[in-house]
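**Student:** coordinates for the following, if possible.
(one chain, ligands or ions: 2)
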Amino acid sequence: YLAGVRCAIRLISLQCSVVVERLNSSGQATKRQVIRKAAVLLGRNEFQEIILRVHNGKVTESYTLKEFQLFTRFAKDGKCTVKLLPENVQVLISDCPPHLLNIFLKTLSIKHQAWQTSKPMTDREKLKACLPRSFETISPLQQKDVQKANELRSKVNAPVLSKGLVVRTGNKMTGGPPGQQALHPSKKPTLSLPAARKLNKEQAAVLSAVLSGKNVFFTGSAGTGKSFLLKRIVGSLPPKSTYATASTGVAACHIGGTTLHNFAGIGSGSAPLEQCIELAQRPGVLQHWTSCRHLIIDEISMVEAQFFDKLEAIARCLRRSTEPFGGIHLIVCGDFLQLPPISKEKDKATFCFQSRSWRKCIHLNMELTEVRRQTDQSFISLLQAVRVGRVTEEVTAKLIKSAYHKIERDGILATRLCTHKDDVELTNDNKLQQLPGSVRVFEAVDSDPALVKTIDSQSPVSRLLQLKVGAQVMLTKNLDVQRGLVNGARGVVVDFQPGKLGLPRVRFLCGTTEALKPERWMFKAGGGLYLSRQQLPLKLAWAISIHKSQGMTLDCVEISLARVFERGQAYVALSRAKSLEGLRVMDFDPHVVRADPDVLHFYSKLRKERLLLQVSFWLYASFVLTVGPNVL
Ligand SMILES: Nc1ncnc2c1ncn2[C@@H]1O[C@H](COP(=O)(O)OP(=O)(O)OP(=O)(O)O)[C@@H](O)[C@H]1O
Ligand SMILES: [Mg+2]
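**Tutor:** Ligands and ions are numbered 1, 2, ... in the order given. Predicted structure coming up:
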């Protein structure tokens, strides 16, 4: 993969599966060539035309990309199709790391548009030029390419471009970046370089370690970008054999994955191993275990040691392998100083790192240290102290003082983080009832209403959403990061649009007022089945539970810690806030802040060992710098 990544930025090469189809005049395939392991490369020939090369390990086929259609609707799943119009050939690409495919498609479409501004040679001119045949890999996308393409877009009013070259657009296809709808000539959006936010050096080092095939556990305090990085890792691995999971549904949703329990298919995992193995062999579940090559687990702190050991044993058994975890590539992440596993009995639940198989399974322990959620250094230091259970007088004083913070703005009230789930429902229901005006109910459209429980367990939005003007709400999806419309953004319903749908308009803390429309969430269920829910990306936000808030970034929070019952719970609650000003702690008592001594011991041991790791850490980092930062 490392080779793949390196190529992706330098050579624009993709490691994927390819099917090449020759079509007849009615669009049916007359010849089909399947290449399971292909390398797809973009380059230029002696006339500076763009060439698509498909290499199957032995032979290379080249296609000139002048008139073509791009089908990019499933680019997020690592699939796209390039249809060459004069040749009537289509190249179907699949199982490609989506992040790399995104760069590839954007490079292709922008370079192609930029090429059209440069007066392509006619056949006659080519003959006259008598140039020797050549192929050079295409250079990485640069601002000047984007500029050229945009100039062309502003000049040309029809999709028919210079010298009779046509970039065909249609319902599912586009000459523009992936995921975009067909380009209407008068509404062409301005192109830009891939907008993916860059990883910092530490995150890049972890990505490199993962791509080198190592089983990695990476940790870091709240807000160091663990989940952010996990999303990039998911996008850099082949989708067919990569399973993104997390210990809770909310956390799974953050990284676009499923719960670890759902992946495993062994219920709570409390049955004896033999029975669990049987459960895992059910149709639909077995396929997870056999097709998985890369298993990603977020919020590992909430996974119980026994459960982890069971998964490890099942993997070895079902994959008929003696290697740890049946040879599955593990990418595990979380912060053990946040919420621990939920203990079913009175005994304290054991952490994953205390499991028998942990040491065998994890090759590398890495730590992210740069906090991204908060920017104020003194608040970051306060949180670091709380994380390890060190509540100094200064920390106590600051948190007690925060009880007087006025954090309400523009009618947007603070969200109360509750230790107990029942309080959450009660608070939200009561507050909604107390508001004047009539209530509007928005019902979700589920792909499979019979599986509503499965959907509920993974969905960040409920099936029924009740709203009124004045309702305190929270956004549950990243709609527009640049404009601050991100998951967790707080707002208030200002009115409902006229018409049958009566969609709500919400004023957000960032200052934007936005009419919201239903969004769609996809969930992986057992047996490769996909479930979906369509609902407004909102939930009531007078209160949410600390357990549900794990992994979230929140604008303005009020916390009552009097009933904290769990180690790490106070830290999770406090570390959701972006700033001390946006936080109000009622009745702070230093005794509620508790860090688990086993975890502290584990981390201090790791830290000692990291003297060793530090070397490789920087080796990775320097390697990344030579690979080129764009890809990261
Ligand atoms: N490289 C980056 N560039 C821009 N923003 C980033 C980067 N890394 C993280 N962030 C932002 O920082 C915030 C915290 O990131 P994230 O939620 O991934 O942290 P986390 O370590 O998973 O926290 P927690 O332990 O609470 O789950 C998010 O808003 C995320 O978008
Ligand atoms: Mg997280």
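
**Student:** ok, and the closest non-adjacent residue to the residue of the stretch 501-632 of the chain at minimum distance from ligand 2?
**Tutor:** Proximity to ligand 2, evaluated over the stretch 501-632 of the chain using C-beta to the ion, is greatest for residue 551 at 3.9 Å. Backbone N, C-alpha and C define where each C-beta goes, glycine included. Nearest residue to residue 551, sequence neighbours excluded (C-beta to C-beta, 6 or more residues apart in numbering): residue 251, at 4.7 Å.

**Student:** so the one you found makes contact with residue 549?
**Tutor:** No: with contacts counted by C-beta atoms under 8 Å, residue 251 stays clear of residue 549, the gap being 10.7 Å.

**Student:** returning to what we had before: which SS class is the residue of the stretch 501-632 of the chain closest to ligand 2?
**Tutor:** Classification of residue 551 using DSSP: H, G, I helix; E, B strand; the rest coil returns coil.

**Student:** and it, what is it in contact with?
**Tutor:** Residue 551 makes contact with 227, 246, 248, 250-251, 254, 298-299, according to C-beta atoms under 8 Å, 6 or more residues apart in numbering.

**Student:** repeat that with 10 Å
**Tutor:** The neighbours of residue 551, taking C-beta atoms under 10 Å, 6 or more residues apart in numbering as the test, are 222-223, 226-227, 246, 248, 250-255, 298-299, 334, 338-339, 487-488, 572, 576.

**Student:** show me these that map onto helices.
**Tutor:** Among those, the residues falling in helices (DSSP state H) are 226-227, 250-254, 572.

**Student:** near ligand 1 too, which of those residues?
**Tutor:** 226-227 (C-beta under 6 Å from any ligand atom).

**Student:** just to revisit the earlier point, out of the contacts of residue 551, who's near ligand 2?
**Tutor:** Applying C-beta under 5 Å from the ion, the subset of the contacts of residue 551 adjacent to ligand 2 comprises 226-227.

**Student:** model confidence for the nearest residue to residue 298 once chain neighbours are set aside, exactly?
**Tutor:** Closest residue to residue 298 apart from its sequence neighbours, by C-beta to C-beta, 6+ apart: residue 246 at 3.8 Å. At residue 246, the pLDDT value in this model is 92.

**Student:** ok, now the one 3 residues further on?
**Tutor:** Model confidence at residue 249, given as pLDDT, is 80.

**Student:** for it, what are its contacts?
**Tutor:** Residue 249 touches 257-259, 261-262, 454-460, 523, 548, counting by C-beta under 10 Å, 6+ apart.

**Student:** run a quick neighbour tally on the single nearest residue of the chain relative to ligand 2.
**Tutor:** Closest to ligand 2 within the chain is residue 227: 3.2 Å, counting by C-beta to the ion. The tally of other residues near residue 227 (other C-beta atoms under 10 Å) stands at 19.

**Student:** OK, contacts around it?
**Tutor:** If you count contacts by C-beta under 10 Å, 6+ apart, then residue 227 has 246, 251, 254-255, 298-299, 333-334, 551-553 around it.

**Student:** hang on, the earlier thing: where neighbours are concerned, which of the ones in helices among the contacts of residue 551 has the most?
**Tutor:** That'd be residue 252 among the ones in helices among the contacts of residue 551, by other C-beta under 10 Å, with 28 neighbours.

**Student:** for it, which non-adjacent residue is closest in space?
**Tutor:** residue 246 (4.0 Å).

**Student:** spit out the contact partners of that neighbour.
**Tutor:** Here residue 246 is in contact with 227, 230, 252-255, 257-260, 263, 296-300, 302-303, 333-334, 458, 550-551 (C-beta under 10 Å, 6+ apart).

**Student:** thinking again about what came up before, for the residue nearest to residue 298, name its beta-bridge partners.
**Tutor:** residue 259, residue 298 (DSSP bridges).

**Student:** how about the residues of the stretch 401-550 of the chain near ligand 1?
**Tutor:** Residues of the stretch 401-550 of the chain lying near ligand 1 (C-beta under 6 Å from any ligand atom): none found.

**Student:** ranges for the strands of the stretch 401-550 of the chain?
**Tutor:** 415-418, 440-443, 445-446, 464-467, 472-475, 490-496, 504-508, 513-515, 519-524, 530-535, 538-540, 543-545 (DSSP state E, counting those that start in this stretch).

**Student:** least reliable of the ones you listed going by mean pLDDT?
**Tutor:** strand 519-524 - the lowest mean pLDDT of those, at a mean of 85.

**Student:** that one to strand 530-535, inter-axis angle?
**Tutor:** Computed by axes from the mean of the first three to the mean of the last three C-alpha atoms, to 10 degrees, the angle separating strand 519-524 from strand 530-535 equals 160 degrees.

**Student:** so which elements touch strand 519-524?
**Tutor:** strand 242-246, helix 249-254, strand 258-259, helix 260-264, helix 452-458, strand 530-535 (3 or more C-beta pairs under 10 Å, 6 or more residues apart in numbering; DSSP states H and E).

**Student:** distance to residue 64 added to these, as a markdown table?
**Tutor:** Formatted as a markdown table, the helices and strands packed on strand 519-524 follow (distance: least, C-beta to C-beta, whole Å):
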| stretch | distance to residue 64 |
| --- | --- |
| strand 242-246 | 33 |
| helix 249-254 | 42 |
| strand 258-259 | 42 |
| helix 260-264 | 43 |
| helix 452-458 | 45 |
| strand 530-535 | 37 |
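
**Student:** strands of the stretch 101-250 of the chain, residue ranges please.
**Tutor:** Under DSSP E, counting those that start in this stretch, the stretch 101-250 of the chain gives strands at 135-137, 216-220, 242-246.

**Student:** just name the most buried of those strands.
**Tutor:** With neighbours taken as mean count of other C-beta atoms under 10 Å, these reach their highest mean count in strand 242-246, at a mean of 25.

**Student:** and that strand, C-alpha only, in CSV?
**Tutor:** The C-alpha atoms that make up strand 242-246 are tabulated as CSV, following Å, rounded to 0.1, in the frame of the first residue of the first chain:
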residue,chain,number,x,y,z
THR,A,242,-11.7,-3.1,5.2
TYR,A,243,-14.2,-3.1,8.1
ALA,A,244,-14.5,0.2,10.1
THR,A,245,-16.0,-0.5,13.5
ALA,A,246,-16.3,1.2,16.9
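
**Student:** mind checking how far that strand is from the chain centre?
**Tutor:** For strand 242-246, the separation from the chain centroid amounts to 11 Å (computed by C-alpha atoms, centre = their mean, to the nearest Å).

**Student:** with stretch 53-70 instead?
**Tutor:** 30 Å.

**Student:** try stretch 529-536
**Tutor:** The answer for stretch 529-536 is 17 Å, by C-alpha atoms, centre = their mean.

**Student:** contacts for it?
**Tutor:** Residues contacting stretch 529-536 (C-beta under 10 Å, 6+ apart): 258, 284, 442-448, 451-452, 454-456, 458-465, 467, 473, 475-477, 503-504, 506, 516-525.

**Student:** need the contact list for the most far-flung residue of the chain relative to its centre.
**Tutor:** Most distant from the centre of the chain: residue 128, at 51.4 Å, with distances by C-alpha atoms, centre = their mean. Neighbouring residues of residue 128 by C-beta under 10 Å, 6+ apart: 121-122.
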